[in-house]
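Asks: Let's see this in three dimensions:
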Amino acid sequence: MFALAQQGVKSIEQQRVTNSIDNAIEKSRKLVLRCYNMIASQQEVSGVQVASYLMNYDDHYTTHTFRNLFLISIENYLQAELSKARLQEKDIDEERLEDMTTPIDEEQEEDTKQTEEQFLLEPT
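Replies: Residues are numbered from 1 along each chain as shown. Alright, predicted model coming up:
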C-alpha cells in the first residue's frame, strides 16, 4: 500500500518540474487523487465481482423486502394524540370542578346545617 502511494508521489514530483504554476491546494488535491487512483487500480477483484458487474447485477443481496419508516410523521402523530388526550383530561377535570361548585339547593343546605350541628363541640 505504501509503495503504491510512493509511486503516486513520484509521479506528481515528475509533473512538478513541468508545471510549477499550480497553487498548493491544487497540488494537494492532485496528489491525493493520484495516490487514491494508484491504490484503487491495484485492488484485487474476484471473478464473481467481475461477472456481476458485467451482467449489471446488484452489488448486494437481501432476503427480505424492506419499507421506509418515516419516524418524524409517526412522532408528530403521537404528539397530536397526546395533546388531544391531555385536553380531554383537562375538560373532564373542569367539568368535575364545575359540578363541585354548583350551588346547593335549600333542602341540601338544611341537611348540611343539621349535620354540622351534630359535630359542634361545646367548651367544657
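Asks: can you list the domains in the chain?
Replies: Using automatic domain parsing, the domain parsing of the chain gives 2-46, 69-101.
Asks: Among the ones you listed, single out whichever gets nearest to residue 63.
Replies: domain 69-101 (18.7 Å; CB to CB). For glycine as for every other residue, the C-beta is placed from the backbone atoms N, C-alpha and C.
Asks: Turn the domains of the chain into JSON lines, columns for distance to residue 60.
Replies: Below are these laid out as JSON lines (distance: least, CB to CB, whole Å):
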{"stretch": "domain 2-46", "distance to residue 60": "15"}
{"stretch": "domain 69-101", "distance to residue 60": "20"}
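Asks: Nearest to residue 57, out of those domains?
Replies: domain 2-46 (13.5 Å).
Asks: Identify, by residue count, the longest helix of the chain.
Replies: If you go by DSSP state H, the chain has its longest helix at helix 71-100.
Asks: Just name whatever secondary elements it is in contact with.
Replies: When contacts are defined as 3 or more CB pairs under 8 Å, 6 or more residues apart in numbering; DSSP states H and E, helix 71-100 packs onto no helix or strand at all.
Asks: what about it, average pLDDT?
Replies: Helix 71-100 shows a mean pLDDT of 85 in the predicted model.
Asks: if we can go back for a sec, mind putting the domains of the chain into a markdown table with mean neighbour count and distance to residue 56?
Replies: Output for the domains of the chain, formatted as a markdown table (neighbours: other CB atoms under 10 Å; distance: least, CB to CB, whole Å):
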| stretch | mean neighbour count | distance to residue 56 |
| --- | --- | --- |
| domain 2-46 | 12 | 16 |
| domain 69-101 | 9 | 29 |
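Asks: Low-confidence ranges, this protein, go.
Replies: 1-5, 8-9, 12, 15-22, 99-124 (pLDDT under 70).
Asks: Okay, helices next: where are they in it?
Replies: Counting by DSSP H, the helices of the chain are 2-18, 24-41, 47-54, 71-100, 106-118.
Asks: I'd say residue 38 and residue 32 touch.
Replies: No: contact criterion CB atoms under 8 Å: residue 38 and residue 32 do not qualify, at 10.9 Å.
Asks: so which of the domains of the chain gets nearest residue 52?
Replies: That would be domain 2-46 among those, by CB to CB, at 9.4 Å.
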